[in-house]
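A.B. asks: Show me how the following folds:
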Amino acid sequence: MIGRFNWAGVVDFLPQLLTGLLYTLLISVVGLVIGFILGGIFGMGRVARNKFIHAISTVYIEVIRGTPVLVQAIWIYYALPLIIGFELESITAGIIVIALNSGAYIAEIVRGAVQSIDKGQMEAGRSLGLNHGQAMRYIIWPQAFKRMIPPLGNQFIISIKDTSLLSVILVPELIFQGRLIAANHFNAVEIYTTVAVFYLVITLTLSVILQRMERRLDIQ
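C.D. replies: The predicted structure follows:
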């Protein structure tokens, strides 16, 4: 007992907090994998010559980036089921939220990375006899992907922190578990401090991994 706070008592709640942490990581990883696919599709759509594809991609990106994650979560969990006719599990809804949200930001990362490659690279590829798709695959994408790594890493960290908002739709992630424990045992200082430390350890670990990847790949 330190002062009037029982820090040692936090140990009793670690299993519940670790369960929340597991859901946080699960939703983040699955959501980001789907988000990366969406980001690749809509990011290329943003630089497409086809006006319809460009317009659809732009609408998706601007709508998602223009609305708060919290609003998206509430709409998908409470409003969308009224449209589609069946309820979504909270975890499923959480994954959809992270996927759609991260996908919009990743799309802009993809667009920016591709457009940052000098146009002469494409022209050089075409002069070697490559068609547009081959030049993108063998020349543009490898260079663009290296430039995507730092912002993609940052997006991963942001998405992990965004999962904390999913407690509003009853996703049993880290914040949700912390709130349950604090409400039932009146130990908010100890529990919320522990939750904050969990998030800090995750984000710092990812930052270190990202920095090592950048050094290994010699990303400027």
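A.B. asks: Could you pull up phi and psi at the residue nearest to the spatial centre of the chain?
C.D. replies: Centroid-nearest residue in the chain, with CA atoms, centre = their mean: residue 159, separated by 3.4 Å. Note on residue 159: its backbone torsions stand at phi -70, psi -40 [degrees, to the nearest 10].
A.B. asks: just residue 5 next, same as before
C.D. replies: Residue 5 adopts backbone torsions of phi -110, psi 130, taken as degrees, to the nearest 10.
A.B. asks: hang on, isn't it packed against residue 190?
C.D. replies: Yes: with contact defined as CB atoms under 8 Å, residue 5 counts as touching residue 190 (5.7 Å). For glycine as for every other residue, the C-beta is placed from the backbone atoms N, C-alpha and C.
A.B. asks: Between these two, which has more neighbouring residues?
C.D. replies: Set side by side, residue 5 and residue 190 show more neighbours around residue 190, with 19 against 14, by other CB atoms under 10 Å.
A.B. asks: my read: that one touches residue 8, true?
C.D. replies: No: with contact defined as CB under 8 Å, residue 190 does not reach residue 8; the gap is 9.1 Å.
A.B. asks: Can you name every helix or strand that the lengthiest helix in the chain contacts?
C.D. replies: When the chain is parsed with DSSP state H, its longest helix is helix 14-46. Packing partners of helix 14-46 (3 or more CB pairs under 8 Å, 6 or more residues apart in numbering; DSSP states H and E): helix 51-65, helix 90-116, helix 141-162, helix 174-185, helix 188-216.
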